[in-house]
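**Student:** Sequence plus predicted model, see below.
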Amino acid sequence: MKIPACPLCDATGGQLVFQGEKLRVIRAEEAGFPAFYRVVWTEHKAEFSDLCDADQMLCMRAVSLVEQVLREVLQPSKINLAALGNMVPHLHWHVIARFDWDSHFPAPVWAQAQRTPEPRKLASLLRHRDLLERLLVQRLSAALPGSVTRLCHLQ
């Protein structure tokens, strides 16, 4: 069910990486954070507890897989997970690779910047993006049986 004026019902919410039957993974367009992804539930649900047990497990499996691939490919200092939904009350999980050199570390990405990141370190992350997103699609496709999948922008 779509809800009028919900930005995650009306639009993808970022660069579509993976589209499954019940969820999608997008790369958020957050300046200075090239490894910021979201797992977005397709059907409009405001809270995680609105999902049945099986869908909760499926959703968390997807979140976990995104985290695992980010860790494997980028070796971040930390992964941040968040499901706030205060501004957009549509179920989605933020999965963000964080680095001790990023502009806000160790504070949340929504806090005030503490430093200017080195452009060469940001560029290094961008060089890994295609591999990272191909692995995301491969692992999500294998783990979410019955999903209609596609790697949208790398075809």
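**Tutor:** All right, it came through fine.

**Student:** gap between the two ends of stretch 85-99?
**Tutor:** The straight-line separation of the ends of stretch 85-99 (Cα to Cα, to the nearest Å) is 24 Å.

**Student:** do the same with stretch 20-34
**Tutor:** End-to-end for stretch 20-34, by Cα to Cα: 22 Å.

**Student:** neighbouring contacts of that stretch?
**Tutor:** Stretch 20-34 is touched from outside by 12-18, 36-43, 55, 58-59, 62, 66, 94, 96, 102-103, 109, 113, 117, 122, 125-126, 129, 133, 136, 140, 144, 146-149, with contacts defined as Cβ atoms under 8 Å, 6 or more residues apart in numbering. Heads up, the C-betas are built off the backbone N, CA and C, glycines and all.

**Student:** Can you flag which of these belong to helices?
**Tutor:** Among these, the members found in helices (DSSP state H) are Asp55, Leu58, Cys59, Ala62, Val66, Leu122, Leu125, Leu126, Arg129, Glu133, Leu136, Leu140.

**Student:** Save those residues as CSV, and put in neighbour count, distance to Leu84 and pLDDT too.
**Tutor:** CSV is the format used below for the ones in helices among the contacts of stretch 20-34 (neighbours: other Cβ atoms under 10 Å; distance: Cβ to Cβ, whole Å; pLDDT from 0 to 100):
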residue, neighbour count, distance to Leu84, pLDDT
Asp55, 17, 20, 95
Leu58, 21, 21, 95
Cys59, 22, 15, 96
Ala62, 27, 18, 97
Val66, 27, 17, 98
Leu122, 18, 25, 93
Leu125, 19, 24, 93
Leu126, 10, 26, 93
Arg129, 17, 25, 95
Glu133, 22, 24, 97
Leu136, 23, 22, 97
Leu140, 25, 23, 95
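
**Student:** closest to Ala82 among the residues you listed?
**Tutor:** Nearest to Ala82 among those: Val66, at 12.7 Å, using Cβ to Cβ.

**Student:** Which strands and helices lie in contact with the helix or strand harbouring Leu8?
**Tutor:** In the assignment (DSSP states H and E), Leu8 maps to helix 7-10. Contacting helix 7-10 under the criterion 3 or more Cβ pairs under 8 Å, 6 or more residues apart in numbering; DSSP states H and E is no other helix or strand.

**Student:** Cheers, nothing more for now.
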